[in-house]
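Trainee: got a predicted structure plus its sequence, pasted below:
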2 protein chains.
Amino acid sequence: MTTLKIDLIADNLISIHPLLYKSISKPLKHQSSITPGGMFVLGSLKRHGTQSMSDIGKCLSMPKPHVTVIVDKLIEEELVERQSDPNDRRIVNILLTEKGFEEFNSLKKDLSENLKIKLSKLNDQEQEILAIASQQMKEILISILSKE
Amino acid sequence: MTTLKIDLIADNLISIHPLLYKSISKPLKHQSSITPGGMFVLGSLKRHGTQSMSDIGKCLSMPKPHVTVIVDKLIEEELVERQSDPNDRRIVNILLTEKGFEEFNSLKKDLSENLKIKLSKLNDQEQEILAIASQQMKEILISILSKE
DNA sequence: AATAATAGTTATAATTTTGTAACCATTATG
DNA sequence: CATAATGGTTACAAAATTATAACTATTATT
C-alpha cells in the first residue's frame, strides 16, 4: 500500500472524527441522561451481546475503573445488568436489559431524526453514496480497529 | 429518502464514532501534550485557514469560553497565533503558525503509522474501498454537518 | 499448599469538557 | 448620542474522562 493512500485515509478519518463527535456525542447530552461513555457501552453490548467488564474496556479502550463507573450508572438506570459467570466467578458479565435495548434504539432514533433534517439536503445519489460508504467504512473499521 | 436508509446511515455512524474515537482521540494523548479539543481546533484551522474565535466555536460546536481556553494553550505552545481584525476590532482571528502546521502534520503522520499497522492487514481491494469510502463520507459529512 | 496471575472494585486525584454568568471593548441601531 | 447587539475574555462550577494505586476474590501455576 502506498504511503499516499494511507495518508489520505488518515486525513479523511481525522476530518470525519470531529464531525461525528459533534453530531453524535454532543446532541446526546441534551436528549438524555446518558453520557457519551454510557452510549459507547450500550453500543458495544448491542453489537457483541453479553460482555465481561474487561471485554468492554478492551473494545472501547477504557480503563477498567472507568468501565465500573459507567456500568454502575447504567445499572442504576436499569439499562444493563450484571451476571456472574458460572464458569469463572471472578468474571462479571454485563448484558442489556429490555429497557436498555429500547433506550438505545430510542436514542438512535433521536439521532436519525436529527440527521434526517440534514440528510434531506442531499440528493438521491449522495444519499445512496453515503449509505454505501458508511456501511463499507463501518465494516472495515470494525474488522481492523475493534480487535486487540 | 426512506426511513430505513436513514436508520442504516445513523446506525453506521453510531458504530463508526467510537472506533474513530478510540483510534484517533485516545492515541493522541500518549503522543503529545495536545488534547483532543486542541487537535480539533488545529484541524479546523488547517481546513478553513484563518478563523475567528466564534467561527471555531461554531465549526466544532464548542462554547466560546472553551475555545478561549484551548486557544490560550495552543498559543502557549506557539502552535497558533492571534491577529486582531483590521475591519472589526472586536474580532480576534486565529491562524496556524509554521510550528502548528508541522505539529499537525506530525501528529497526522503518527496516526498514519498507527493505522498503517492495522491497515496492512487489509487486502488491496479493501484498502481501495476504505480510501474511497472515507473520502466520500468526509465530503458529504462536511457538506451537511459542518454548517451552522 | 504457596505463590502468582486475573477480574473487578474502591478511592483518589488530575485533566478535559461543558455550562453559566458577569464583564469589557467594539460595532450597529434607533 | 443612547442603547442594543456582537465578539471575546474571565471566573467559577459541574460533569466526564483518564490514570494510578491499593484492595478483595477467584483461578492458575509451581
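Mentor: Thanks, I have the structure now. Numbering: from 1, shown residues only, chains lettered A, B, ... in the order given.
Trainee: helix or strand with the lowest mean pLDDT in chain A?
Mentor: Lowest by mean pLDDT, DSSP states H and E among the helices and strands of chain A is helix A:26-31, with a mean of 68.
Trainee: I'd like the next helix or strand past that helix.
Mentor: helix A:36-48 (DSSP states H and E).
Trainee: which other helices and strands contact that following helix?
Mentor: helix A:26-31, helix A:53-60, helix A:64-76, strand A:80-84, strand A:92-96, helix A:98-119, helix B:3-20 (3 or more CB pairs under 8 Å, 6 or more residues apart in numbering or on different chains; DSSP states H and E). C-beta here means a position set from N, CA and C on the backbone, and glycine is covered the same way.
Trainee: could you check the angle that helix makes with helix A:64-76?
Mentor: 80 degrees (axes from the mean of the first three to the mean of the last three CA atoms, to 10 degrees).
Trainee: in helix A:36-48, what's buried?
Mentor: A:36, A:37, A:38, A:39, A:40, A:41, A:42, A:43, A:44, A:45, A:46 (16 or more other CB atoms under 10 Å in any protein chain shown).
Trainee: not counting sequence-adjacent ones, nearest residue to the closest residue to DNA strand D within chain A?
Mentor: Residue of chain A nearest DNA strand D, by CB to the nearest atom of the strand: residue A:37 (3.0 Å). Nearest residue to residue A:37 in three dimensions, chain neighbours excluded: residue A:70, at 4.9 Å (CB to CB, 6 or more residues apart in numbering or on different chains).
Trainee: do you know the pLDDT at the residue sitting furthest away from the middle of chain A?
Mentor: The outermost residue of chain A relative to its centre, with distances by CA atoms, centre = their mean, is residue A:2 at 30.5 Å. Looking at residue A:2, its pLDDT stands at 70.
Trainee: any regions of chain A where pLDDT drops low?
Mentor: Counting by pLDDT under 70, the low-confidence segments of chain A come to A:1, A:28-31, A:146-148.
Trainee: so which residues on it come close to DNA strand C?
Mentor: A:25-26, A:29-30, A:52-55, A:64-65, A:67-69, A:71-72, A:82, A:88, A:90-93 (CB under 7 Å from any atom of the strand).
Trainee: which among these count as buried?
Mentor: For the residues of chain A next to DNA strand C, a burial check counting by 16+ other CB under 10 Å picks out A:25, A:52, A:53, A:55, A:67, A:71, A:93.
Trainee: my guess is residue A:59 meets residue A:48, correct?
Mentor: Yes - in this structure, residue A:59 is within contact of residue A:48 by CB atoms under 8 Å, at 7.0 Å.
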